[in-house]
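just to be clear, the model below is a prediction. Sequence and coordinates:
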Amino acid sequence: MSDTCAIYSCDIPSERPWSGVLRKGQTLRIIDSEGQQAVDALLYCADDPAERYSSQDTLRVQGSAYVELGTRLISNKGRVMARVTADTCGRHDTSAGCCSCESNAVRFGEATKYQHACRENFIIELSKHGLTKRDIVSNLNFFMNVPIDPSGNFTVVDGLSAPGNHVDVTADMDVLFVISNCPQVNNPCNGFNPTPIRVVISDAPGM
Ligand SMILES: [Zn+2]
């Protein structure tokens, strides 16, 4: 995707949410501007938000634990919503879920309960589209590194993405794309320092 075919771009400040509708055939490029920044994401069918991203079906269909180049993002109705068409990072997660005030309190102590979290970002952004926290499902974590060891254990470790790394997602249907630029500071998913990201929408299919 060259800059000349971009029809929309936006810098998302650290810790903030974003949403937009991606029309069928359009490509969303997510750029990790400064590196090591997890980008939590949810997808909904724009015409019927009851159809939405399913991490379980995505993993089952591809038979692999990670999201990477070529991954088809599958809905809860078994349809392809979008696919990863470019990736300069190489490691994305859809197993570890998003952070919340409640999970922060359990994992990192009561003192972290009032820190801003992805779940709150999702609630804020979904409210713009008539959706609520009941519509939050297991999500994608672009640029988040969650290696699974041979015994099946996994944990969030240092991100692999370098400044300027990007991932392209090309839509197979009209998709409402909701992002939380993760505010987490208690584990290494954001290098303990949340930073801005950039999104670019293009009419061109991914490369
Ligand atoms: Zn988060």
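In hand now; what should we look at?

low-confidence stretches in this structure?
1-4, 206-207 (pLDDT under 70).

for the ion, what are the nearby residues on it?
Within the chain, the positions adjacent to the ion are 99, 118, 182, 184 by C-beta under 5 Å from the ion. In this view, the C-beta of every residue, glycine as well, is placed from N, C-alpha and C.

so which residues of the chain form helices?
55-62, 101-108, 118-126 (DSSP state H).

so which of these comes closest to Val169?
helix 55-62 (12.2 Å; C-beta to C-beta).

how far away is Pro49 from the ion?
Going from Pro49 to the ion by C-beta to the ion, to the nearest Å gives 22 Å.

surely that residue and Val137 touch.
No - counting by C-beta atoms under 8 Å, Pro49 does not reach Val137; the two are 10.9 Å apart.

most tightly packed of the helices of the chain?
Each of the helices of the chain was scored by mean neighbour count; the highest is helix 118-126, a mean of 21, by mean count of other C-beta atoms under 10 Å.

got the contact list for that helix?
15-19, 40, 42, 98-102, 132-133, 135-136, 139, 178-184 (C-beta atoms under 8 Å, 6 or more residues apart in numbering).

got the CA coordinates for it in CSV?
Taking Å, rounded to 0.1, in the frame of the first residue of the first chain, the C-alpha atoms of helix 118-126 are listed here in CSV:
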residue,chain,number,x,y,z
CYS,A,118,-8.7,-2.1,27.2
ARG,A,119,-12.1,-3.3,28.4
GLU,A,120,-13.0,0.3,29.3
ASN,A,121,-11.7,1.5,25.9
PHE,A,122,-13.9,-1.1,24.2
ILE,A,123,-17.0,-0.1,26.2
ILE,A,124,-16.4,3.6,25.3
GLU,A,125,-15.9,2.9,21.6
LEU,A,126,-18.7,0.3,21.2
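
all good on my end, thank you.
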